[in-house]
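> output the structure for:
(chains A, B and C)
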Amino acid sequence: MQQFQGGPMLNNRPRHILRSDQFDREFLDYLYSLVNLIRRYDKSKEGLLYLQSLLPHVRGMLYFTQPSTRTFMSFHSACSILGVKTSEIRDSATSSEKKGESIEDSLRTFSSYVDLIVMRSPEAGLCERIATLLDSTPRPVPIINAGSGPDEHPTQALLDIYTLRRSFKGNQIDGKKICMVGDLKRGRTVRSLSRLLANYHDVSITFVSPEQFRIEQDLRDCLTNKAVPFTETTDFEGAIQDADAIYMTRIQDEWDEHSESSSVDHSDFCLHYDHLDSIKEDCVIMHPLPRRDEIDPKIDADPRAKYWRQERNGMWVRVALIAILMGVDHQVMLPEL
Amino acid sequence: MQQFQGGPMLNNRPRHILRSDQFDREFLDYLYSLVNLIRRYDKSKEGLLYLQSLLPHVRGMLYFTQPSTRTFMSFHSACSILGVKTSEIRDSATSSEKKGESIEDSLRTFSSYVDLIVMRSPEAGLCERIATLLDSTPRPVPIINAGSGPDEHPTQALLDIYTLRRSFKGNQIDGKKICMVGDLKRGRTVRSLSRLLANYHDVSITFVSPEQFRIEQDLRDCLTNKAVPFTETTDFEGAIQDADAIYMTRIQDEWDEHSESSSVDHSDFCLHYDHLDSIKEDCVIMHPLPRRDEIDPKIDADPRAKYWRQERNGMWVRVALIAILMGVDHQVMLPEL
Amino acid sequence: MQQFQGGPMLNNRPRHILRSDQFDREFLDYLYSLVNLIRRYDKSKEGLLYLQSLLPHVRGMLYFTQPSTRTFMSFHSACSILGVKTSEIRDSATSSEKKGESIEDSLRTFSSYVDLIVMRSPEAGLCERIATLLDSTPRPVPIINAGSGPDEHPTQALLDIYTLRRSFKGNQIDGKKICMVGDLKRGRTVRSLSRLLANYHDVSITFVSPEQFRIEQDLRDCLTNKAVPFTETTDFEGAIQDADAIYMTRIQDEWDEHSESSSVDHSDFCLHYDHLDSIKEDCVIMHPLPRRDEIDPKIDADPRAKYWRQERNGMWVRVALIAILMGVDHQVMLPEL
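Predicted coordinates:
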């Protein structure tokens, strides 16, 4: 409660959640303290009913023209937790778009029924275009980017940072060594997460990947600009030994142009049960999921495996983001809990 | 409030919403005054919660075997506003129908779970058939026709009239000149709207279309019978000059039998930005949407463009219709607002 | 109310609903008295709001990778009645599974967002596998089997028994003659129902089917073991004459391997309007639906036809099951009703 009565207030309240680079350290700290407060309500029926009482009059639309059951369910639950009533699109196109309507008209139509739009689409930049359009109308509504093609997935990055923070002793990310593994060329989560980590002090990153799937030059430039030290290597076993966190990702073969994934041997970039002995005792193991064979399911039971909590954290982070956008974050008090 | 305390009451309460010709002027007046009252609740959280308290115990089914995202979302939101819990079918057929079940059995099944069915299907007359069937069972439920193939879409016509009414000075439709433009042969909204306009006095209609897409004889007969004056022309620029309202529609090429649409030049039946100077200062521009190129998006910002409000009006009209069918219209009072 | 204040309590509370053989007579009696209580709340808005107040803080997932609109709607309504907020999967696979995720990971993910999973899948045994998996995690959630391929559909069997019980004078199943008709080889409802009937005394079963669709040996063995007397015949008209209940089923041709259904004449295994004179005056006619031509729709209006009530009973039985799993069955009291 003190966080709000005398503590940090949010100075620059965002109107939309569009890109991971729109967040600064102040926002992250505020967001995560809000998440922690919100989670306390999850302990009782009364707490959950209180959260539902915050936005029961609000209607949200989940516009998912790029299917993603996981992200969809996470946002759907987040809306539900705050009492938001949702409408869903889970097809590659709406029926109106099939009749020749522009995406702009389509979303302006939906915006006339709802108070909030969460959108995921295969088109880079679409969310920002729609946010700009709606801001020019008499009835603008907030937009949350739930993944826009290959370029952005800001809420994933926010939940990753939250999971790191919560898993490290003292909730301290500053000074940590983060190891990111897998298809670093085409996975957008690694890109967004790396950029967000620049908000913390003395974080260093090791990128571990097959030669063919190294990070792209734009990410190198970005980290260099922000003075985040990083190295690149193909030596998985060497890299994970002194990592404070290992962030595993899968090969993104859905982006293959001529089945290049099949010609790459990624077996050396998988975490096996035997590796558990060689990593730090308090190392944090994460994965944005879905996984294939990058992490042996036997590892799930190890206390260092945090990817299942990471899933659930995602839901709570999204609750907090919606609360902020809709202006009820200050009501997330803990009067008697 | 006076409307209910001493004002008009609804004498012939409909059990279903099936056809646009089931409404008389008394019903229209009652419906629209109800819509106006309902909209006042939208101004505050308290108002919206009051509306939600009217039908929270009611379950509705949205049975959309002819996809229509726009109409679906509008009804879904309308249910949500009244607290109605909804189940959805948004496929071309239910799994039971694929197993050989008749549509009658399918809908009787669903009717056993819910208290209200909103249905849209490609089959003309289906809604009436189902309404008749359910009325013969021990547990009939109201049916709302949300579009039945090429023949009826009564709630669209009701929202169009509401938008006209609300946009004209003094909420007066009597005496107005309405210009309807586009594919008048195959667009059902024009047909339903024209018929409903017969409920008003001294309305005259100008139908503007390419030669190939003129209105059908049955509509001519209907208007003649009801003594509604109308003319038909291909002269778009001439017709719009003294119109009180211009109702634009798109070419309905999904009904093409041998791609006849492509052989028709409809470029002379589009509203361009330049036209704004030649139409009346208080002309009302409408479109049932989705649009293609019939209306230049630059026109959206002109105060005479009402099609986006028309969308949102549709939602409120549907709220009012559900309230009437479920018998809570009298509870839509404004105790302290 | 007495049922709970001094009456039967449930000793062995199930954590999941997986197989029809997990229920004993004590459970059935408890369940059905709970259903009867719950139905009394359906009579008023206050009663329905009370039921909704039991689990408004609970989120449930309906994971239907084998489509079944009927069962889906029934569970969806049951959740709604208790206030449970639902998320839906109604596709043959989730998008994550298409990206190579195991079904186990997929369901563990969803379980992190919700408190209850209702699942229907084409895979025999999947529900039990997932229940076992989740029980080994820090956050297990109850699973309800809503149909798992060809092997189990326990809630259908429970609702069938409830309908029999409620339709017989004195709610007495003991001593009754049940006639089951149709494709007995491949219909799982007949199998589950027959097994559950073994919980009652002196029930005898007549299986009526074309030669090619007789019951399987495992069901014969099961009934013999449990000392349930049964006969098998192809004489439909003879069998139905002294039946206390006739349970009709359709030919399950979706399981055909080489269109064997088309070579079987099932016209002698259909209930025609003329048959009504030759069956008992208080015979109970049931069908799990969907039907094709096994029952003439003209029979629907006969008071002995219970299949439409059977549908609605299914919803109430599912309400009761969810109440038991979530531990609110004791709150289903009738304080002032």
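
> what about the nearest residue to A:L48 once chain neighbours are set aside, neighbour count?
Sequence neighbours aside, C:H57 is the residue nearest to A:L48 in space, at 3.7 Å (criterion: Cβ to Cβ, 6 or more residues apart in numbering or on different chains). From N, CA and C alone the C-beta is placed, and that goes for glycine too. With neighbours defined by other Cβ atoms under 10 Å in any protein chain shown, the count for C:H57 comes to 21.

> tell me the contacts of C:H57?
By Cβ atoms under 8 Å, 6 or more residues apart in numbering or on different chains, the contact set of C:H57 is A:45, A:48-49, A:52.

> buried ones among these?
A:48, A:52 (16 or more other Cβ atoms under 10 Å in any protein chain shown).

> could you list which of the contacts of C:H57 belong to helices?
Mapping those onto helices (DSSP state H) picks out A:45, A:48-49, A:52.

> in the stretch 151-300 of chain A, which spans are helices?
A:154-167, A:188-197, A:217-225, A:236-240 (DSSP state H, counting those that start in this stretch).

> hey, least reliable of those helices by pLDDT?
Comparing mean pLDDT across these, the weakest is helix A:188-197, with a mean of 92.

> ok and that helix relative to helix A:154-167, angle-wise?
60 degrees (axes from the mean of the first three to the mean of the last three Cα atoms, to 10 degrees).

> now helix A:188-197, how far from the centre of its chain.
Its chain's C-alpha centre and that of helix A:188-197 lie 9 Å apart, by Cα atoms, centre = their mean, to the nearest Å.

> then stretch A:249-269?
Between the centre of stretch A:249-269 and the centre of its chain there are 23 Å (Cα atoms, centre = their mean).

> how about it: buried residues?
Of the residues in stretch A:249-269, those buried (16+ other Cβ under 10 Å) are A:249-253, A:261, A:264, A:266, A:269.

> quick one: it near chain C?
Yes - against chain C, stretch A:249-269 shows contacts by Cβ under 8 Å from any Cβ of the partner chain at A:250, A:254.

> contacts for that stretch, please.
By Cβ under 8 Å, 6+ apart, stretch A:249-269 touches A:150, A:180-184, A:186-187, A:189-190, A:208-210, A:212-213, A:234, A:236-237, A:287-288, A:290-292, A:294, C:99-100.

> what are the phi and psi values at the most far-flung residue of chain A relative to its centre?
Distance to the chain centre peaks in chain A at A:K99, reaching 33.5 Å (criterion: Cα atoms, centre = their mean). Note on A:K99: its backbone torsions stand at phi -90, psi 10 [degrees, to the nearest 10].

> my read: it touches B:R291, true?
No - A:K99 is beyond contact range of B:R291, at 9.7 Å (criterion: Cβ atoms under 8 Å).

> separation between the residue farthest from the centre of chain A and A:S92?
15 Å (Cβ to Cβ, to the nearest Å).

> so for stretch A:87-98, mean pLDDT?
The average pLDDT within stretch A:87-98 is 85.

> shouldn't A:L196 be in contact with A:L159?
No - A:L196 is not in contact with A:L159 according to Cβ under 8 Å; the separation is 10.6 Å.

> which non-adjacent residue is nearest the residue farthest from the centre of chain A?
Excluding the flanking residues, the one nearest A:K99 by Cβ to Cβ, 6+ apart is B:P290, at 5.2 Å.

> again, but for A:R39
Spatially, and ignoring its direct neighbours in sequence, A:R39 is nearest to A:W316 (5.6 Å; Cβ to Cβ, 6+ apart).

> phi, psi for that neighbour please.
phi -70, psi -40.

> contact partners for it?
Here A:W316 is in contact with A:35, A:38-39, A:42, A:78, A:162 (Cβ under 8 Å, 6+ apart).

> show the contacting residues for the residue in the stretch 201-337 of chain A positioned nearest to chain C.
Residue of the stretch 201-337 of chain A nearest chain C, by Cβ to the nearest Cβ: A:P290 (3.4 Å). Residues counted as contacts of A:P290 (Cβ under 8 Å, 6+ apart) are A:70, A:250, C:96, C:99-101, C:105-106, C:109.

> mind giving me CSV with those residues and columns for secondary structure?
Converted to CSV, the contacts of A:P290 look like this (DSSP: H, G, I helix; E, B strand; the rest coil):
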residue, secondary structure
A:R70, helix
A:R250, coil
C:S96, helix
C:K99, coil
C:G100, coil
C:E101, coil
C:D105, helix
C:S106, helix
C:T109, helix
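
> out of those residues, which are buried?
Taking 16+ other Cβ under 10 Å as the criterion, what is buried in the contacts of A:P290 is A:70, A:250, C:96, C:99, C:101, C:105-106, C:109.

> list, one by one, the residues from the stretch 1-150 of chain A near chain B.
Contact residues, the stretch 1-150 of chain A versus chain B (Cβ under 8 Å from any Cβ): A:56-57, A:59, A:61, A:85, A:87, A:89, A:94-97, A:99-102, A:104-106, A:108-110, A:112-114, A:136-137, A:139.

> show me how to select, in ChimeraX, the buried members of those.
Selecting only the buried entries of those in ChimeraX, with 16+ other Cβ under 10 Å as the criterion:
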select /A:57,59,61,85,87,89,94,95,96,97,99,101,105,106,108,109,110,112,113,114
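
> now, which of the residues of the stretch 1-150 of chain A next to chain B lie within helices?
Filtering the residues of the stretch 1-150 of chain A next to chain B for helices - DSSP H - leaves A:95-97, A:104-106, A:108-110.

> between those, which is closest to B:R25?
The closest of these to B:R25 turns out to be A:T109 (Cβ to Cβ; 30.0 Å).

> if anything else comes up later, I'll come back, but that's it for now.
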